[in-house]
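Student: sequence and computational prediction follow.
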Amino acid sequence: MLPDTAIRRMEALATISKQGKQINGLFRLMETPLLWYEAYANIYANKGAITPGVDAITLDGFSEKRVTAIITRLKTGTYRFRPVRRTYVPKANGKKRPLGISSGDDKLVQEVVRSILERIYEPIFEESSHGFRKDRSPHTALEAIKREWTAVKWLIDMDLRSYFDTIDHELLMSLLHRKIGDTRYLRLIRAMLDAGYLEDWTYHGTYSGVPQGSIVAPILANVYLHELDVFMKGLKEQFDQGKRRAKYLPYHRYTEQIRLLRKKVDLLKGKEGEAEHIQEIQADIRHIDRLRKRLPSVDPFDSGYRRLYYCRYADDYVIGIIGSKADAERVQQSVRKFIEDTLKLTIAEDKSHIRHGREGAIFLGYEIKTYTGKRLVTVKHGPRYTVKRTISAQMQLHIPTGKLERFCQSKRYGDYHTMRAASRGALTLLSDAEILLAYNGELRGLANYYALACNMKQRMNKLAYIWQTSFFKTLAHKHRQSVHKISRQLKTNEGYALTVPKKDGARVLRLFRLKDHRPFKGSTPDIDTPANTLALTLSRSELIRRLNSGHCEYCETTQGPFEVHHVRKLQDIAPGKTLWQRLMIARRRKTLILCRSCHHLLHQGNLPDREVMTRTT
């Protein structure tokens, strides 16, 4: 398939998908080398690019010949997925999450499959879905809740037990078959799911779930839970009722009384001997107004007005209800029945609750709850000034209770309650610059995530003080100086800063300050009319251009084939002593395009200096 034809075909996938038609020809589309170059350009910079799976094959050594070999094996039906190597990463609650590491060639195949699936499903995913999607994040999900969930009375918090490990393969394949009619492409996805995993060099078959950590797992997980999104959309259409709440009669009776009394005052103004009477009427108005402010202006129990809200990020979701608790319980039962009977998943009962909006619920690490303010403001209505309430049942985002204390403890800053900071002896082996950057990264990362929280800076001030003192104590412990002397050395007119000498001058590293933090400014992308950038970006990566340039960046030969050499990070080759290391450091690149001969010599540790190669030639 020609490159132009492949680009047009990829662009057409979204249109066909939105029309509801079944899509064919996807396996043949995968035979286009252009897609493989683009797939490599997408994933080569990942930290796991050169992490081996069950074999020694990584993304290192990518070349045109390697692409051709994979395509040939796919066409002839001889390609076999290797089992993923299972490892475990710690979770915040102390438990461990299984992580699957795929072979290098399998990563390439998965990325090509993922890119095609994304073009098919991204146009039809619901607005309520925010996980593992372009231009979506936990912040976009939380912003939508904050913006739209005003006056929510009940929050339904339900958790799926071991979601990624319990996805039903048969159901997933049937869901994919609704949109995809290419049986060879579907068999390829099924082969990925059935590849199994190795743990302690013991093979285990996979009869359900998708391997966490694999490139294609997130979009497959979204395809599966897209059914829940569609179900919730239909449930919302059935549940929502009424255009607005009915007026609360006691409130409006008080309003009418105040209106009549004010009219009476207007008639008495200017008449002799009525000043005392006017004062009595105004006292009555103030008394009635105090009674009125205790009441809502609309009926909070109006049975003719109901609303359902729903938001999902990956397998975490929350439901908001404007209605009675009985309504919330019926919705919870309907959702539970759909998840257990239709999606064949399990609800974690110990993590599923119905809470009042004022009590709040935890979602994506935030506490979401409604808030009604007591502050009153004076406003002018026509010729008369009056007061009104500022905030009524607004949805707010908060940092959960105990979160900052646990963060302080996990990072070993010191005692959060007594505010006694501690030095971190494990960091004293690093340079001063590395210590400062480590501290900056930790607090800045936390501040960035909780940027949407109400009063974030005020809530984090205590932690920031302990964090800063811990930094000073760590440097003081390293240099055997007092904390006062360290802080005085780093003090500048714009906070604390560390000056690092360099060959061409000096670099100033500033200690992070909460006061300098800028609040998160999210944007809601218009996914209905996405920019058509495929033709501009496909295979236009700078790395792919270097690979296709046809010369070795080390020996400068034009005799191919050429391969890409990877390093995990530039620090691994610093300070570079050999010429190839100095080349990569000077260019600030983790990749180097080499001819096959140079690449093999490099891995053997026998790559000679370029001047020696020139003399030999």
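Tutor: Received, thanks.
Student: touching, residue 359 and residue 369? I think so.
Tutor: Yes - here residue 359 reaches residue 369: they are 6.6 Å apart, a contact under C-beta atoms under 8 Å. In short, each C-beta sits where N, CA and C put it, glycine included.
Student: need the overlap of contacts for those two.
Tutor: residue 155 (C-beta atoms under 8 Å, 6 or more residues apart in numbering).
Student: residue 179 reaches residue 121, doesn't it?
Tutor: Yes - at 7.3 Å, residue 179 and residue 121 qualify as touching, with contact defined as C-beta under 8 Å.
Student: check contacts around residue 498.
Tutor: Shown in contact with residue 498 (C-beta under 8 Å, 6+ apart): 432-433, 436, 490, 508-511.
Student: quick one: which of the residues you listed has the most company?
Tutor: Among the contacts of residue 498, residue 436 has the most neighbours (other C-beta atoms under 10 Å), with 23 neighbours.
Student: just list the residues touching that one, thanks.
Tutor: 471, 498, 509, 511.
Student: the same query, at a cut-off of 10 Å, please.
Tutor: Listed by C-beta atoms under 10 Å, 6 or more residues apart in numbering, the contact set of residue 436 reads 430, 471, 474-475, 490, 496-498, 500, 509-512.
Student: ok, it to residue 425 distance?
Tutor: Residue 436 is 17 Å from residue 425, where distance means C-beta to C-beta, to the nearest Å.
Student: do residue 203 as well
Tutor: For residue 203 relative to residue 425 (C-beta to C-beta), the value is 43 Å.
Student: so between residue 359 and residue 369, which is more surrounded?
Tutor: Remark: of residue 359 and residue 369, residue 369 carries more neighbours, 20 against 13, as counted by other C-beta under 10 Å.
Student: not counting sequence-adjacent ones, nearest residue to that one?
Tutor: residue 360 (2.8 Å; C-beta to C-beta, 6 or more residues apart in numbering).
Student: count the neighbours of residue 556 for me.
Tutor: 11.
Student: cool, residue 185 as well?
Tutor: That count, for residue 185 with other C-beta under 10 Å as the rule, works out to 22.
Student: kindly report the same for residue 120.
Tutor: As a burial measure, residue 120 scores 20 neighbours (other C-beta under 10 Å).
Student: quickly note the distance from it to residue 29.
Tutor: From residue 120 to residue 29 the distance is 11 Å (C-beta to C-beta).
Student: list the contacts of residue 567.
Tutor: Contacts for residue 567 (C-beta under 10 Å, 6+ apart) come out as 49-50, 60, 573, 581, 584, 589-592.
Student: I misspoke; the intended subject was residue 189.
Tutor: Going by C-beta under 10 Å, 6+ apart, residue 189 touches 110, 113, 117, 169, 172-173, 176, 180, 216, 220.
Student: from these, which land in strands?
Tutor: In strands, defined here by DSSP state E, there are no members of those.
Student: which among those residues count as buried?
Tutor: In the contacts of residue 189, burial by neighbour count holds for 110, 113, 117, 169, 172, 176, 180, 216, 220, counting by 16 or more other C-beta atoms under 10 Å.
Student: out of those residues, who's nearest residue 568?
Tutor: residue 110 (20.0 Å; C-beta to C-beta).
Student: can you pull the contacts of the closest one?
Tutor: Contacts of residue 110 (C-beta under 10 Å, 6+ apart): 39, 43, 81, 102, 188-189, 192, 211, 214-217.
Student: how near is it to residue 216?
Tutor: Distance, residue 110 to residue 216, by C-beta to C-beta: 4 Å.
Student: what residues are shared contacts of these two?
Tutor: Taking C-beta under 10 Å, 6+ apart as the criterion, residue 110 and residue 216 both touch 102, 189, 192.
Student: between those, which is closest to residue 268?
Tutor: residue 189 (82.6 Å).
Student: output the helix or strand where that closest one lies as PDB, nothing but the C-alphas.
Tutor: Assigned by DSSP states H and E, residue 189 belongs to helix 183-193. C-alpha atoms of helix 183-193 as PDB (Å, rounded to 0.1, in the frame of the first residue of the first chain):
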ATOM      1  CA  THR A 183     -11.000 -11.500  11.200                       C
ATOM      2  CA  ARG A 184      -7.200 -11.500  10.800                       C
ATOM      3  CA  TYR A 185      -6.900  -8.300  12.700                       C
ATOM      4  CA  LEU A 186      -9.100  -9.600  15.400                       C
ATOM      5  CA  ARG A 187      -7.200 -12.900  15.600                       C
ATOM      6  CA  LEU A 188      -4.000 -10.800  16.100                       C
ATOM      7  CA  ILE A 189      -5.600  -9.000  19.100                       C
ATOM      8  CA  ARG A 190      -6.800 -12.300  20.500                       C
ATOM      9  CA  ALA A 191      -3.200 -13.700  20.200                       C
ATOM     10  CA  MET A 192      -2.000 -10.700  22.300                       C
ATOM     11  CA  LEU A 193      -4.500 -11.500  25.000                       C
END
